[in-house]
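>>> The following block contains a protein sequence and its predicted model.
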Amino acid sequence: MLRLRSPFPLYVALVIATAAVIAAGSAWQLRDAVAEPRFWLMAGLAVLADARTFVTPGRRGISVVVSPSLCFTFAILLCWDLGPAIAAQVAASSVVAWRMRYPLWRAALAAAHYTLAFAAAYVVLVIGEPDPFGVVTPTDAVRDVSAVVGAVAAFLMVFGALFVVSARLRVGRSWWSGVRDSLGHRALFTSAMLLISPVFAVAAHVSAAFVPLVFVPLYAVERMARLSVERDRVARLDPLTGLANRGGLQASFDEMRGSMAVRTQPPRHVALMLLDLDRFKHVNDALGHHVGDRLLIAVAERLRATVPPGAVVARLGGDEFAIIAGDGLGRGTDTAVALKVAERVIAALDGPVELDGLQVDVAGSIGIAVYPDDGDDFATLMRHADVAMYDAKQRGDAIAFYSPESDHNSPERLALLTDFRRALEAQDRDQVVLHYQPQVSLCTGEVVGVEALLRWRHPTRGPVNPEYLLRVAEQTPVMQLLTTRVIDDVVAQVAEWDRQGVRLRASLNVSIRDLHTEEIVQRLGRRIAQHGVQPEQIQLEITEGALMADPGRVLATIGRISALGVAVSLDDFGTGYSSLLHLRRLPLTEVKVDRSFVAGMAHNSDDAAIVRSTVELARALGLRVVAEGVENEYTYRLLKETGCSVAQGWYSARPMPAEEIPGWLSRHRATVAAPAAPGVRAVPAESQ
């Protein structure tokens, strides 16, 4: 069905009407042709040739019909003028339409395209007046050849232009990427058929008996075309499973999207589902790659049997599969139906696969992105489905839809990351700075240390939220640039404070990536030696998440850091997993109770109990306890009563530039030294 609101139906009606006028105007030329047996022979061969028509799949729903009838119908044009050629081509095109199950409008449009192209070629022939069967002089020969070549060129130009316009109106903005591949094939094959037609015309003029002989070279051309199509088909298949590969998947997506341009019925959406098998590497490592291949084949068979009609299953490589569902989605809410398809896939993978007498369990995670909501091209949709798939893995879910909030590689974030990298590489001290938040002893009120906190003022966006920035940079090499900058600045600042007579311990945060290499140990050692700072004045804060990522490598790196004399603090304690194991195995000097528990102490008895238990456990192990996020006097006093060692938060002091620390310390010491009046707190609160 044609979509009436698009310009394509108007184009179809206009082209068909114009072709009908031309065909009717040239119908009188059939009177002489129908009396010629050679005409009927050529017309019959044209219809017979198109009975073997086949289609080469194109991109974005645009396919190339390999139709050999042109060599006969163009020969009819050369011998018996326009009307007979149109009649023969319409008959041959009708056979193609019947074989391909084309709707009536598409069959009529194809015949109209041929009619207009023949009309353009006929105009050139009328102007050139070729007469190859008359008295031939060199001048006549050149004129005849020029006229025929000009007619072929006119046919190709008009036919190609109509094809391009049709594709543009039918597919939309992305028309060129679909036409680009198929236009070359179409032009090459059509040119070959047209240029061989004069030979057929001459053969028919000499003797009709010679005409059937041309089927031998024509068959050879057809075979080569079919072999080319088969080669292209194989290039789009995964050799192991027989499923589509990435190229085949993209071609299927383009075809589904192209077909949507001329339909009013569902689907209006196409769902791309990315499936990654869980623990497949373990199968390869334990049983060998040949068993892993058999597992992939078994999974492919289950997917084929599970997906709805019209869906395409592909293997992208390794243990990664993809499904594109369009026509099979049916009616209803698109995401809801896509979810049902994904749930059927997960259910199909649920049963174990028997390999060499072993029952191998299969499971996977699926990420779903829906066209056009999550992307209007294949590359974007693939990337978003990949984001959703990894989001599902991280959450421990089997299925996840794409969500921009989970996409740490959106264009906006990538641009922000690029700007941050440039600021770090340029050593821009105006943009990227460290502020320091004091840590106060709950026993004495003295400042025992500071924590270095990142601040970045973007030149156009202004201040950037540090938590958001660190989330964006966490899994990228930019994080290592940041850690390098922080180590250099903190160690140099501690040395500067020492020269001013201010002795402080400074804590700095490091990421998971930093703990996977030896570089952080070497850099710390060099900078401490360069500035003459005591190692115990530097403390590294790590999170439990870093320990869970790769415990072996992380523990080894932490051990080497501790061997330098640098203290190690476990940050956000209580929010991760296996915390007690970490307390026993790590060379820690401090644990920091997460602010979520500290903030809830004043009004939540459970949070208060957790903090008390943590403090008692840490003290029993000889560890210092720092409470983060202390925002009011009541929480401060509760922490002091529990025996917590150190408080950090806005109740004591805001984060401040390094140059403000000495002055603030002087004022703070004066406040602590002064006797506190009853009911008056001894630690001053400061606000930004």
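Structure's in. What do you need?
>>> for the stretch 351-500 of the chain, which spans come out with low pLDDT?
Scanning the stretch 351-500 of the chain for pLDDT under 70 picks out 406-410.
>>> That one: helices as residue ranges?
Taking DSSP state H, counting those that start in this stretch, the helices of the stretch 351-500 of the chain run over residues 378-395, 411-425, 466-473, 478-499.
>>> Now do the buried residues in the second one.
Going back to what we said before, that points to helix 411-425. Using 16 or more other Cβ atoms under 10 Å as the test for burial, helix 411-425 gives 413, 416-417, 419-421, 423-424. Just so you know, the C-beta spots here come from the backbone N, C-alpha and C atoms, and that holds for glycine as well.
>>> just checking, Q493 touches A658?
Yes - assessed by Cβ atoms under 8 Å, Q493 is found in contact with A658 at 5.1 Å.
>>> Need the residues touching each of those two.
434, 436 (Cβ atoms under 8 Å, 6 or more residues apart in numbering).
>>> what is the mean pLDDT for the longest helix seen in the chain?
What stands out as the longest helix in the chain, according to DSSP state H, is helix 138-171. Per-residue pLDDT values over helix 138-171 give a mean of 83.
>>> Repeat that for stretch 566-578.
76.
>>> Any regions of the stretch 1-150 of the chain where pLDDT drops low?
1-6, 52-66, 131-136.
>>> Equivalent analysis for the stretch 151-300 of the chain, please.
Short version for the stretch 151-300 of the chain, where the test is pLDDT under 70: 171-186, 207-208, 210-234, 258-268.
>>> so how many other residues sit close to A620?
Neighbour count of A620, defined by other Cβ atoms under 10 Å: 9.
>>> got it, and R471?
12.
>>> now the strands for the stretch 1-150 of the chain?
Here the stretch 1-150 of the chain has its strands, by DSSP state E, counting those that start in this stretch, at 54-56, 64-66.
>>> on that earlier part again, could you dump the helices of the stretch 351-500 of the chain to CSV with distance to S666?
CSV is the format used below for the helices of the stretch 351-500 of the chain (distance: least, Cβ to Cβ, whole Å):
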stretch, distance to S666
helix 378-395, 47
helix 411-425, 33
helix 466-473, 28
helix 478-499, 13
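>>> Just tell me which of those ends up closest to D285.
Smallest distance to D285 across the helices of the stretch 351-500 of the chain (Cβ to Cβ): 19.3 Å, for helix 378-395.
>>> Give the other helices and strands that that closest one contacts.
Judged by 3 or more Cβ pairs under 8 Å, 6 or more residues apart in numbering; DSSP states H and E, helix 378-395 is in contact with helix 246-260, strand 270-277, strand 364-371, strand 399-401.
>>> got the angle between that helix and strand 364-371?
140 degrees (axes from the mean of the first three to the mean of the last three Cα atoms, to 10 degrees).
>>> I'd guessed I76 sits against A43; true?
Yes - using Cβ under 8 Å, I76 is in contact with A43, at 6.8 Å.
>>> For the two, indicate the residue with more neighbours.
I76 (29 against 24).
>>> mind listing what that one touches?
I76 is in contact with 33, 39, 42-43, 46, 84-85, 88, counting by Cβ under 8 Å, 6+ apart.
>>> Without its sequence neighbours, what residue ends up closest to it?
A85 (4.6 Å; Cβ to Cβ, 6 or more residues apart in numbering).
>>> Can you show me the helices along the stretch 1-150 of the chain?
Counting by DSSP H, counting those that start in this stretch, the helices of the stretch 1-150 of the chain are 8-25, 30-33, 37-50, 70-80, 82-100, 104-128, 138-171.
>>> Could you say which of those helices is packed most deeply?
Among the helices of the stretch 1-150 of the chain, helix 70-80 has the highest mean neighbour count (mean count of other Cβ atoms under 10 Å), at a mean of 27.
>>> ok, back up a step: for my notes, please list the contacts of I76 in TSV and give distance to R499 for each entry.
Below are these laid out as TSV (distance: Cβ to Cβ, whole Å):
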residue	distance to R499
A33	107
F39	106
M42	102
A43	102
A46	97
P84	103
A85	98
A88	99
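>>> Tell me which residue is most central in this structure.
R383 (1.3 Å; Cα atoms, centre = their mean).
>>> give me the beta-bridge partners of V450?
P438, A506 (DSSP bridges).
>>> Please tell me how far it sits from G288.
Per Cβ to Cβ, to the nearest Å, V450 is found 55 Å from G288.
>>> higher neighbour count, these two?
V450 (29 against 12).
>>> The more buried one touches P662, doesn't it?
No - look at V450 against P662 with Cβ under 8 Å: they stay out of range, at 11.6 Å.
>>> give me the number of residues near V566?
A total of 20 residues lie near V566 under the criterion other Cβ under 10 Å.
>>> So it sits against I542, correct?
No - counting by Cβ under 8 Å, I542 is not a contact partner of V566; they are 11.6 Å apart.
>>> any shared contact partners between those two?
In contact with both V566 and I542: no residue, using Cβ under 8 Å, 6+ apart.
>>> Can you verify A336 is assigned to a strand?
No - secondary structure of A336 (DSSP: H, G, I helix; E, B strand; the rest coil): helix, not part of a strand.
>>> what's the burial count for it?
9.
>>> how close does it get to E628?
From A336 to E628 the distance is 43 Å (Cβ to Cβ).
>>> Over to E412?
The gap separating E412 from E628 is 30 Å, by Cβ to Cβ.
>>> Assign a three-state SS to G565, would you?
coil.
>>> Can you report phi and psi for it?
Backbone torsions of G565, given as degrees, to the nearest 10, read phi 100, psi 0.
>>> Can you give me the neighbour number for it?
Neighbour count for G565, taken as other Cβ under 10 Å: 14.
>>> Can you verify my assumption that it contacts Q539?
No - assessed by Cβ under 8 Å, G565 is found out of contact with Q539, at 10.8 Å.
>>> Domain map for the protein?
Per automatic domain parsing, the structural domains of the chain span 8-235, 246-406, 413-673.
>>> what's stretch 404-421 in contact with?
By Cβ under 8 Å, 6+ apart, stretch 404-421 touches 383-384, 387-388, 391, 400, 432, 456, 458-459, 461, 464, 469, 471-473, 475-476, 478, 481.
>>> Buried only: go through the residues you listed for me.
383-384, 387-388, 391, 400, 432, 456, 464, 469, 472-473, 476, 478, 481.
>>> farthest pair in those residues?
A400 and V432 (34.2 Å).
>>> residue boundaries of the helices in the stretch 501-650 of the chain?
519-531, 544-549, 551-563, 579-585, 595-600, 605-620, 633-642.
>>> so how far is the third one from its chain's centroid?
Remark: helix 551-563 is offset 36 Å from the chain centroid, using Cα atoms, centre = their mean, to the nearest Å.
>>> same deal with the fifth one?
Mean-position distance between helix 595-600 and its chain equals 38 Å (Cα atoms, centre = their mean).
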